Structures are given as structure tokens and as C-alpha cells.
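Novice: Fold the following and give me the result.
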Amino acid sequence: MARTFRHHSRIARLALASLAAIVVLLAGTVATAQAVEAQPSTTTTPAATTTTPAAGQGAGAGAGRGAGAAAGRGAGTKSGNGLGISIDTGAEGGASTAIQVLVVMTVLALAPSILIMMTGFTRILIVMGFVRNALGTPTMPPNQVLIGLSMFLTLFVMFPTFSAINETAIKPYQDKAITQQVALDNAQAPLREFMFTQVDEDDLALFVRLADQKRPETRADVPTHVLIPAFLISELKTAFQIGFLIFVPFLIIDMVVASTLMSMGMIMLPPVMISLPFKILLFVLVDGWGLTIESLVVSFGGT
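Specialist: As a prediction, the model looks like this:
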């Protein structure tokens, strides 16, 4: 008990000593600061090099007014007291290089939409999706494979159209034989011809009526903004018709397998587990991918 009391008293004495030392240090710091503030400033600057804030502001304002007046007189002399803006329109009224680069970047950004709206990509991709669902393998082949295959089949089907665009629009424009507007008009002609060969007349008449336009006498009277949606609707209709024909044989296999399992009393066994290998086997034996691709190419008018 006595030892504990002595230990506590020692701690108390150390705390009091530390507090006293801190107070002494603070008092000395305050006294030093007051002494420094009381001393007069002995630093002087040469009169020749010292300027007052007011003088500096006056000099800066004078210099600014002088420079502004000189700049205003120069601008007025060169551009008639106004701001002159010049735009480089290129030689012979064509677009400048910067504008051409901007147009190319815009076309590249819209390339996926153009590929979908004005080519056979929509029909091919939908049919490939129907084949995968009819087989009962919703993840095989993967989406990347189907999209890649559809893209290259689109290039194969559209190769004559793209060749015509290259010969009538791209090459003459690169050789500076035609203007940019003429090149765009020449590029539209093969695409419009392709869409006219694939579009259904009923769908085209529907969008002509929705656009509140007169009945066109020739194909040239049909605007492009009317032709494109009609072409898309026709592609969807054709793709679903092909998809129905693809589903029929696989549906028959599912019905046969389900009936067989029912007659055998195997009610708890899912028919899909039994029919899937048979559907894959049938698809491979009849060369299903080859038949599907051939049917797609022929549907576009290929041989």
C-alpha cells in the first residue's frame, strides 16, 4: 500500500514539473515575439527602384491603354474595325482537308448503323440466331462467332454492290474527277438498286403512304428515307420466314422424342436432354451450316 502511494506521488510530481516547463517555454516565446515587434524597421530600398502600388497601377493601366489602342488601330486598319474570320473551303470550291477528315470520322462512327440498315446483315444475323435456338444450344456458337460470320457473309453478298461503289464513286473522287456531292450521289445508286431488289412492294407502299407522298412513278421518285425502313421491314419478314422453315424439322424431332418417352413411361425425364444429341447429329449429317448459308446467299439473288 505504501509502495503504491509513493509511485502515485512520483507520477504527480513529474506531471507538475512538465507543466511548469511548458508554461516557462510559452512565456519566453511570447516575450521574444513582443520584442521583435517593438524593434523599428531598418531596411531601406533605393528611391530610384522603389515604386508605390498606386504608381505601379497607373503605369500598368497606361501601358495597357497604349497597347490596346495600338492593337485596335492595327485591327481597324487590316479588317475594317471588325473581327475577320476566314474558313478554308479548299481548292475549286471543294471541302478542305479538315472537313474531309471530319466527314470520314463521322462515316466511320455510323458504319455499324449503315451496315445494319442498308445491307443484308440483318437477315443473315437473325437466321443464324434462329438456327442456334432451333438446335437448343442458346450459347453455342457464341454471339461473337455469329456476328463475325454474319459480317463476312454480308461482305460476300454485298461484294458486287461495294465494287460498283468503288468504281463509280470512290476512285473518281480520289482522282479528283468528280466533286464530293457527285461522289455521294454515285455511291447511293448501287445501294438503292440492291435495296429495291430485296424490298417488298407492300412494305414500300406502306411507308410511302405513311410519308404522305404521291405514288411514285419510277424508282427514282422514291426517297431514300422511305426506302431504308421499308427495306428493313422486308428483311425482318424474310428472316422470320426462313427461321420458321428451319424450326420445323427440329420441332418434329422434339415431338417424336417426347412421344417416345411418354409411351415408355419416362415422364420425369426431360425430352430436351434426349432430343438435343439427335438434333445436333441430324444437323451435322445433312451439312446444316452449308445448307443454311447456301439458302441465305440464294435468297439475295445469288447463284
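Novice: going forward, measure contacts and count neighbours with C-alpha atoms only.
Specialist: Will do.
Novice: quick one: contacts of the strand or helix carrying Asp202?
Specialist: Using DSSP states H and E, Asp202 sits in helix 201-210. By C-alpha atoms under 8 Å, 6 or more residues apart in numbering, the surrounding residues in contact with helix 201-210 are 214-215, 222, 226-227, 229-231, 233-234.
Novice: give me that answer again for 7 Å
Specialist: Here helix 201-210 makes contact (C-alpha atoms under 7 Å, 6 or more residues apart in numbering) with 226-227, 230, 233-234.
Novice: same check, this time on stretch 166-184
Specialist: With C-alpha under 7 Å, 6+ apart, stretch 166-184 has contacts from 186-187.
Novice: So which bits of it are buried?
Specialist: For stretch 166-184, burial by neighbour count (16 or more other C-alpha atoms under 10 Å) applies to 166, 168-170, 172-173, 178-180, 183.
Novice: Same question for stretch 233-253.
Specialist: 234-235, 238-240, 242-243, 246, 250, 253.
Novice: Now, the buried residues of stretch 166-184 that are in helices?
Specialist: 172-173, 180, 183 (DSSP state H).
Novice: how about CSV for these, with distance to Val104 added?
Specialist: Formatted as CSV, those follow (distance: C-alpha to C-alpha, whole Å):
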residue, distance to Val104
Pro172, 17
Tyr173, 14
Gln180, 12
Ala183, 14
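Novice: List just the nearest of those to Met262.
Specialist: Comparing those against Met262 with C-alpha to C-alpha places Ala183 closest, at 66.0 Å.
Novice: Determine which two of the buried residues of stretch 166-184 are furthest apart.
Specialist: Distance extremes for these: the farthest pair is Asn166 and Thr179 at 14.8 Å, using C-alpha to C-alpha.
Novice: Lowest-confidence one in the ones in helices among the buried residues of stretch 166-184?
Specialist: Ranked by pLDDT, these bottom out at Gln180, which scores 78.
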